[in-house]
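Novice: Starting from these lines, generate the structure:
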Amino acid sequence: MLFENLERKAMGLIKRKFHIETELVDSDTELSLVVKSVFDGKVVTSHKQDLLPLVKAFKKWESKL
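Specialist: Below is the predicted model of the structure:
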């Protein structure tokens, strides 16, 4: 019971200090999605996904309609 209570409090603390940020980069040369995992105001991980292949796939799909 004691450990369950401590675990619940720890998880609550982590949830309050953790969040995800997303940014869409749209310029003449790039279209990408940047996803950052932030804990206590510090970026823990960051991932950048190139969206141009997705745009090309949509255009290809649209041309079939």
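Novice: What segments of this protein are helices?
Specialist: 2-17, 52-63 (DSSP state H).
Novice: Among those, which comes closest to Leu31?
Specialist: Taking Cβ to Cβ, helix 52-63 is the member of the helices of the chain nearest to Leu31, at 5.4 Å. For every residue, glycine as well, the C-beta is placed using N, CA and C.
Novice: quick one: that closest one to chain centroid distance?
Specialist: How far helix 52-63 lies from its chain's middle: 23 Å, per Cα atoms, centre = their mean, to the nearest Å.
Novice: Just the mean pLDDT for that helix, thanks.
Specialist: On average, the pLDDT along helix 52-63 is 93.
Novice: so what secondary structure elements neighbour that helix?
Specialist: With contacts defined as 3 or more Cβ pairs under 8 Å, 6 or more residues apart in numbering; DSSP states H and E, helix 52-63 has these neighbours: strand 31-39.
Novice: So which residues make contact with the strand it packs on?
Specialist: Strand 31-39 has contacts (Cβ atoms under 8 Å, 6 or more residues apart in numbering) with 14, 17-25, 43-52, 55.
Novice: Just the buried residues of those.
Specialist: Taking 16 or more other Cβ atoms under 10 Å as the criterion, nothing in the contacts of strand 31-39 is buried.
Novice: Looking at those, which are in strands?
Specialist: Among these, the residues falling in strands (DSSP state E) are 18-25, 43-50.
Novice: contacting residues around Leu24?
Specialist: With Cβ under 8 Å, 6+ apart, Leu24 has these contacts: Leu31, Ser32, Leu33, Val34.
Novice: Just give me the neighbour total for Lys36.
Specialist: Neighbourhood size, Lys36 [other Cβ atoms under 10 Å]: 15.
Novice: That one pairs with what?
Specialist: Listed beta-bridge partners, Lys36: Glu21, Ser46 (assigned using DSSP bridges).
Novice: Okay, it and Leu52: tell me how far apart.
Specialist: 21 Å (Cβ to Cβ, to the nearest Å).
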